[in-house]
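Asker: From the sequence below, what's the structure:
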Amino acid sequence: MNFLKSKKKVILILLIIAVIAGAFAIYQYTGPKEVTNYDVEFETDQEKPEDESTPSSVEEGIQIPGYESITIPAGTTDVSVELMNPEENNVYFEISFYLPETDETIYTSKMIQPGQHLYEITLDKAMEAGEYPLTIRYATYSADEAMTPRNGAEVNCTLIVR
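Answerer: Here you go, the predicted structure:
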């Protein structure tokens, strides 16, 4: 009879250990993750060319610039286009150009600080002349050491390549 009680105790102890291990594994999988920003690169400051105008269409909260169209030259990857993170924002931007027809991203910026403008960018590939639907994707991150992802946005416009 003692052998049966000992066996039940061992099984009960193993069951408790298994439940604790399972709870720990679930916590590790779903719990908060440590954020490290050792490889984050920021864009360098750029000066605005004198002949450029500033497009803007901003709203309350995180302000996202809007564009009806963006015009770039054909056959080159180095293009002039004004991208900005309005200084009223308290988030970093990472801006990318996405072509929904071909399911490809042709540009992704480094982190852009509030109040920072980009005037010259390098596309991942040169575009042929024509008009293309373009989605400008804004990934936003808190402007602190944690760089917590915030609400992003997408702006649809036309990419005009001449």
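
Asker: Identify the residues contacting the residue nearest the centre of the chain.
Answerer: The centre of the chain sits closest to residue 139, judged by CA atoms, centre = their mean, with a distance of 3.2 Å. Applying CB atoms under 8 Å, 6 or more residues apart in numbering to residue 139 gives the contacts 93, 94, 95, 96, 149, 152. Just so you know, the C-beta spots here come from the backbone N, C-alpha and C atoms, and that holds for glycine as well.

Asker: hang on, it is in a strand, isn't it?
Answerer: Yes - applying DSSP: H, G, I helix; E, B strand; the rest coil, one finds residue 139 inside a strand.

Asker: in the sheet, who's paired with residue 93?
Answerer: Counting by DSSP bridges, residue 93 forms beta bridges with residue 112, residue 140.

Asker: Test my guess that it contacts residue 112.
Answerer: Yes - using CB atoms under 8 Å, residue 93 is in contact with residue 112, at 4.3 Å.

Asker: shared neighbours, these two?
Answerer: Common neighbours of residue 93 and residue 112, counting by CB under 8 Å, 6+ apart, are residue 85.

Asker: Name the residue in the two with the higher neighbour count.
Answerer: Remark: of residue 93 and residue 112, residue 93 carries more neighbours, 28 against 21, as counted by other CB atoms under 10 Å.

Asker: Buried among the contacts of residue 139? Make that a PyMOL selection.
Answerer: Applying 16 or more other CB atoms under 10 Å to the contacts of residue 139, the buried members can be selected in PyMOL as follows:
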select buried, resi 93+94+95+96
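
Asker: distance of residue 155 from residue 83?
Answerer: Distance of residue 155 to residue 83, given as CB to CB, to the nearest Å: 11 Å.

Asker: These two: which is more packed in?
Answerer: residue 83 (24 against 16).

Asker: Look up which residues are beta-bridged to that one.
Answerer: Beta-bridge partners for residue 83, by DSSP bridges, are residue 118.

Asker: residue contacts, it?
Answerer: 65, 95, 109, 112, 117, 118, 121.
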